[in-house]
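Student: Fold the following.
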Amino acid sequence: MNLLEKLFSYERFEMDWRRLLVQGALIVLTGVILAIASTLNPNAIVLTARHLSWLPVSGMVILSLGLLECLDAVLSKETRDFLQNLQVGVLDAVIGGLIILSVTEEPSRFSMMIAAFLIVRGIVRIALAHALRLPHTFATTFGGLLSIVMGFLIWMEWPTGEGWFISLCLNTEIAIRGWAMMTFALWVRTQKADEIA
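Tutor: Residues are numbered from 1 along each chain as shown. Down below sits the predicted model:
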């Protein structure tokens, strides 16, 4: 038995819908709070970064979510879950790290990176939802389309290219991700109820 077969045949934890629901709710709450903070206090100086609004905090959240996705990949039972979580986790971890390391730059310097991240994140979310036949495809597709639209808005600098708007779009994406996770958790709960009945 080779290493990959051992890795994927190893019995790991069952998917707990309560953990997913709480995790999704915390992600939604974090995204909403940061989105509101981005609009109400757009000139906040975080980590001595000027003109970036709450973007460094958003980078920390995305980095943390990426690392959690990588951990979920290692602990997942099925190959498709491993591949999905690893792809998304690595993308989030890299972009979150780059945002944190770019706090000394102007927002326009890395706004294209964030626009590309939102567009790619949206496309990956939609493609994985349909390719893996995930439940609640509408919620996932809607979230992916919204991420793509926000990425194009940042790219075109419409209505503005300032840090607060980039932060608002990034935090909205975080909140949508949590919402999709909550809908998935509720689906897992109904599946487990059907198995028991």
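
Student: what about the residue lying closest to Pro159 once chain neighbours are set aside, neighbour count?
Tutor: Among residues not flanking Pro159 along the chain, Phe165 sits closest, at 7.1 Å (CB to CB, 6 or more residues apart in numbering). The way it works is simple: take the backbone N, C-alpha and C, and place the C-beta from them, glycine included. By the criterion of other CB atoms under 10 Å, Phe165 has 22 neighbours.

Student: mind listing the helices for this structure?
Tutor: Remark: helices assigned in the chain by DSSP state H are 3-9, 17-40, 55-75, 79-101, 107-131, 137-156, 163-196.

Student: nearest to Val46, of those helices?
Tutor: Of all the helices of the chain, helix 55-75 sits nearest to Val46, with 4.7 Å by CB to CB.

Student: Contact partners for the closest residue to Leu34 other than its chain neighbours?
Tutor: Among residues not flanking Leu34 along the chain, Asn171 sits closest, at 4.0 Å (CB to CB, 6+ apart). Asn171 makes contact with 31-32, 34-35, 38, 54, 58 under the criterion CB atoms under 8 Å, 6 or more residues apart in numbering.

Student: do that again at 7 Å, thanks
Tutor: With contact set as CB atoms under 7 Å, 6 or more residues apart in numbering, Asn171 has these partners: 31, 34-35, 38, 58.
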